[in-house]
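Asks: what's the 3D shape of this:
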Amino acid sequence: MASQCFIPQFILEPKSAKQAKLTEEQVELIQTSAGFPPNAVIRFPAANERMDWFCPGWVNFLYYPFKIGMKFPFSPLTRGFLEFVNLSPSQIMPQVWRILRALEVVREKYDIPFEFEDLGFTYELRTSGPGRFTVAMKDKKPRLIHKVDKANDRGWMHWYFFVLKDSLGSEGSFLEDNLHKEKKAISIPYGPKLEERTARIQAIPVEERWFVNLVAESPVSLEDSDQESETSKAGAGENADIYIPMQVVFPVGDSSQTVPKKCSYPATAAASSSSSRLVPSAHELLALDSKKKRASPRLASTPLKIPKVTMPVETKPNIPRPSEAKAAPDSKSLDVNLSLSSDFCRLQDVSLMRSEVHKLLLPSSLDVFKSLPPIGVLSASSVYAFQSMQASLAAAERVVLLERALDESRRKESTAHSLAEENAKLVQDLQREVSAQSAQISRLVNRTKALEAYGRKKKQEVTDAACYYVWQTRGDLMASFLAGESSNWNAEEDIATWKKVQEDMDPPVAEDGFDVGQSDGEADSQHA
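Replies: Numbers count the residues shown, from 1 in each chain. This is a model prediction of the structure:
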C-alpha cells in the first residue's frame, strides 16, 4: 500500500515540517479546479506524515500555486524552471511561484514571448534553509515583478498533498518525486533575445507589474469555491449525478480508499478513521466567514455558526437542605421528643432494650400520629427519614472536610517540624564553623603580634650593628692618623661625636626592667 512506503527523510527543520491542515474547500478545489487529469490519484497526508516524507512514484505538491491561479499541466515557463532545477514542487518557496505566475500573466496579457531561458538574465537559484529553494535578484539587474513579498501566503507550510506520478501521464513525467536537502547556487541560462523581452517588460508601468495587480485574486480561491460548486450543480441539470471518477486516497491505517471527484470527503472515510476527514478549525472557519462577508453583502447578516463542544461536568445531586425539606400536604407539624435512658448503650437485658426501642420508634406525641391517616403517618415518617438522611450526609461531608483539614494540618506540621530540625542542624553547623573561625582568627592575631615584636627587635639589632661598624671604621681611621698614615683630622670633634653616638647606642630599658634588645637568656639572668 502507498501508506506503507512513505518514510521520513528529515530534510526540513522541525519548525518547518508542519502537519498538513487542508480545509474541505481546499480539498474540493484541488479535486475540481487544479487541472489534474480525471484518472489522477491524489493522496492527502495522514496526521503523522510531513512534507519531507518520501515514497517512490509520489510527487509532493503545494496547494499555494493553485491558490494563485496556476493549473496543471504547468505552463512552458514553469515546466522549464522545474525541469532545470530538478526539485520537488513542494521545495519551491511561495515567492518563486508568485514570480512565475506573474510572468505568465504578463506573457498572456501583453503578448511578450517570455520563456524560461529569459529568467536567467535577472534571477538565480539559491537555498532558503534546509530543503527550501528560492530565486534571488542578480546584481544590477532590472526587477521584472514588484512587491512579490507583499502577498499573504500565511499557512502555506500546512498546504501540501501527494499525487501518483504515473497517474499524471506524460505531462507529469518530468516531475521530481525525491526531495533534495542542499543545492549550490545555480545560474539559470538565458537566451539571446532576453534584452529585447526584458526591455518590453520594463516598459510596462511599475504599478501594473505589482504582483497584487497582476494576480489580484486566484480563480480557484476559497471565496469562489462555494459559488463554483453551486454553479456546476445548477448547470448540470439532468446530468447532475454524472461525475468523473478522480481517485482520492485517504490513509486509514494500512489501507487506502478512493472517492469520486464529486465528493470532497466520503462519509465512510470519516466514520472509519478520525484522521481521514480534515476538519477546519474555528480559526479557519472565522477567516473564511469574514472573506465571504466581504465578497457578498447578502451574507453579512448571517453569522457563522461554529459548533461548540462542551466537556461533561460532574454535577452533584440537587438534594435540598434539611431546612428546605417540606412535609406532605396532609401531614401535620410534628414535634418529636425522644426520652431514652442515659445507659441505653449499656443495656444488656433484651426486654429493657426493647422498651427503649419502643420509645424511639413511637415518640411521646403518639396521639398526633393516631389522628392521622396511614398516608399521613407515612408522609411524616418519610420527611423525618429524609431530614435525618440529609443531616447524616451533611455531617459525613463535614467530617470528611475536617479530616482533610486535619490531614493537611498534620502534613504542614510534619513539614514544619522537619524544616525546624534541618534549620537547627544548620544553626549548629554554623555555630561550630563560627567557633572554629574565631579560634583561627585569634591564633592569627597572636601570631601577627609576635611577628611585629620580632620585626621591631631585628630592626633594632640591624641599626645597632650598622652604627657599630660605622664607628669601628671611624676608629680605624683615627688610629691610622695617629700612626702618621693620614692627616687633617679634627680629633676633638670626632671624640665628641663618638661619645654622643655611644650614648644613643645604649639599648633602652623596658618598664618591667628587661632590655628590649637583650636575648631571652640575658633577660632571665638579669632578672635573677
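
Asks: Tell me how far residue 51 lies from residue 18.
Replies: According to CB to CB, to the nearest Å, residue 51 and residue 18 sit 7 Å apart. To be clear about C-beta, it is placed using only N, CA and C from the backbone, and glycine gets the same treatment.

Asks: More neighbours: the two, which one.
Replies: Relative neighbour count places residue 51 above the other of residue 51 and residue 18, with 26 against 16, counting by other CB atoms under 10 Å.

Asks: Now do the contacts for the more buried one.
Replies: Counting by CB atoms under 8 Å, 6 or more residues apart in numbering, residue 51 makes contact with 12, 17, 18, 20, 60, 90, 157, 160.

Asks: Out of those, list just those in strands.
Replies: Per DSSP state E, strands hold the following members of those: 60, 160.

Asks: where do the strands sit along the stretch 51-200 of the chain?
Replies: Along the stretch 51-200 of the chain, counting by DSSP state E, counting those that start in this stretch, strands occupy 53-54, 58-62, 123-127, 133-137, 160-164, 186-187.

Asks: so can I have CSV of those showing distance to residue 454 and mean neighbour count?
Replies: As requested, the strands of the stretch 51-200 of the chain are exported to CSV (distance: least, CB to CB, whole Å; neighbours: other CB atoms under 10 Å):
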stretch, distance to residue 454, mean neighbour count
strand 53-54, 86, 20
strand 58-62, 90, 22
strand 123-127, 78, 18
strand 133-137, 82, 17
strand 160-164, 89, 24
strand 186-187, 86, 12
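
Asks: and whichever strand or helix holds residue 411, what does it pack onto?
Replies: Assigned by DSSP states H and E, residue 411 belongs to helix 374-482. Here helix 374-482 touches helix 491-505, going by 3 or more CB pairs under 8 Å, 6 or more residues apart in numbering; DSSP states H and E.

Asks: which residues do residue 51 and residue 18 both contact?
Replies: Residues touching both residue 51 and residue 18 by CB under 8 Å, 6+ apart: residue 157.

Asks: Please parse this structure into its domains.
Replies: With domains defined by automatic domain parsing, the chain comprises 2-228+243-299, 321-449.

Asks: Report the rounded mean pLDDT for the longest one.
Replies: Averaging pLDDT along domain 2-228+243-299 gives 75.

Asks: about what we covered before: with the contacts of residue 51 in mind, which one is nearest to residue 374?
Replies: Among the contacts of residue 51, residue 20 lies closest to residue 374 (CB to CB), at 73.3 Å.

Asks: Show the contacting residues for that closest one.
Replies: By CB under 8 Å, 6+ apart, the contact set of residue 20 is 44, 45, 49, 50, 51, 158, 159, 160, 161, 278.

Asks: so the third one sits in a strand?
Replies: No: according to DSSP: H, G, I helix; E, B strand; the rest coil, residue 49 belongs to no strand; its state is coil.

Asks: burial count for it?
Replies: Here the neighbour count serves as a burial measure; for residue 49 (other CB under 10 Å) it reads 22.

Asks: and what of the first one?
Replies: Each residue near residue 44 was counted by other CB under 10 Å, and the total is 22.

Asks: Next up, phi/psi of it, please.
Replies: phi -100, psi 140 (degrees, to the nearest 10).

Asks: nearest to residue 39, of the strands of the stretch 51-200 of the chain?
Replies: strand 160-164 (9.5 Å).

Asks: what's the angle between the closest one and strand 58-62?
Replies: Angle of strand 160-164 versus strand 58-62, following axes from the mean of the first three to the mean of the last three CA atoms, to 10 degrees, is 150 degrees.

Asks: where are the low-confidence patches of the stretch 401-528 of the chain?
Replies: Counting by pLDDT under 70, the ranges of the stretch 401-528 of the chain that qualify are 487-489, 501-528.

Asks: one more time with 80
Replies: Scanning the stretch 401-528 of the chain for pLDDT under 80 picks out 469-471, 474, 476-478, 481, 484-528.

Asks: neighbours of residue 170, just the number please.
Replies: Residue 170 is flanked by 7 other residues according to other CB under 10 Å.

Asks: can you check residue 165 too?
Replies: By the other CB under 10 Å criterion, the neighbourhood of residue 165 contains 18 residues.

Asks: Show the contacting residues for it.
Replies: Shown here is residue 165, whose contacts under the criterion CB under 8 Å, 6+ apart are 57, 58, 59, 172, 173, 175, 177.

Asks: measure it to residue 9 for me?
Replies: Residue 165 sits 17 Å away from residue 9, going by CB to CB.

Asks: can you check residue 413 too?
Replies: Taking CB to CB as the measure, residue 413 falls 60 Å from residue 9.

Asks: and what of residue 177?
Replies: As judged by CB to CB, residue 177 and residue 9 stand 12 Å apart.

Asks: Give me the common contacts of those two.
Replies: Common neighbours of residue 177 and residue 9, using CB under 8 Å, 6+ apart, are residue 54.

Asks: And for residue 10, nearest residue in space, chain neighbours not counted?
Replies: With CB to CB, 6 or more residues apart in numbering as the criterion, residue 10 has its nearest non-adjacent residue at 6.8 Å, and that residue is residue 52.

Asks: and the one you found, what is it in contact with?
Replies: Taking CB under 8 Å, 6+ apart as the contact definition, residue 52 lies against 8, 9, 10, 11, 12, 17, 131, 179.

Asks: Kindly give a single PyMOL line that selects the buried subset of those residues.
Replies: The PyMOL command for the buried members of those (criterion: 16 or more other CB atoms under 10 Å) is given here:
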select buried, resi 9+11+12+17+131+179
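
Asks: Just the closest of the contacts of residue 52 to residue 447, please.
Replies: Checking those against residue 447 with CB to CB, the nearest one is residue 10 at 69.0 Å.

Asks: host element of the closest one?
Replies: Take DSSP H and E as the rule and residue 10 turns out to sit in neither a helix nor a strand.

Asks: one step back: filter the contacts of residue 165 down to the buried ones.
Replies: Neighbour-count burial within the contacts of residue 165 applies to 58, 59, 172, 175, 177; the criterion is 16+ other CB under 10 Å.

Asks: Reformat the contacts of residue 52 as CSV; add distance to residue 477.
Replies: As requested, the contacts of residue 52 are exported to CSV (distance: CB to CB, whole Å):
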residue, distance to residue 477
8, 105
9, 104
10, 100
11, 102
12, 101
17, 103
131, 101
179, 106
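
Asks: and of the contacts of residue 52, the nearest to residue 374?
Replies: When those are ranked by distance to residue 374 (CB to CB), residue 17 comes first, at 78.5 Å.

Asks: Verify the contact between that closest one and residue 48 for me.
Replies: No: the pair residue 17 and residue 48 fails to qualify as a contact (CB atoms under 8 Å) at a distance of 11.2 Å.

Asks: residues in contact with the nearest residue to residue 200 once chain neighbours are set aside?
Replies: Distances taken as CB to CB, 6+ apart put residue 112 closest to residue 200, at 5.1 Å, once the chain neighbours are dropped. Residues near residue 112 by CB under 8 Å, 6+ apart: 106, 197, 200, 201.

Asks: count of neighbours near the third one?
Replies: Spelled out, it's residue 200. By other CB under 10 Å, neighbour count at residue 200 equals 15.
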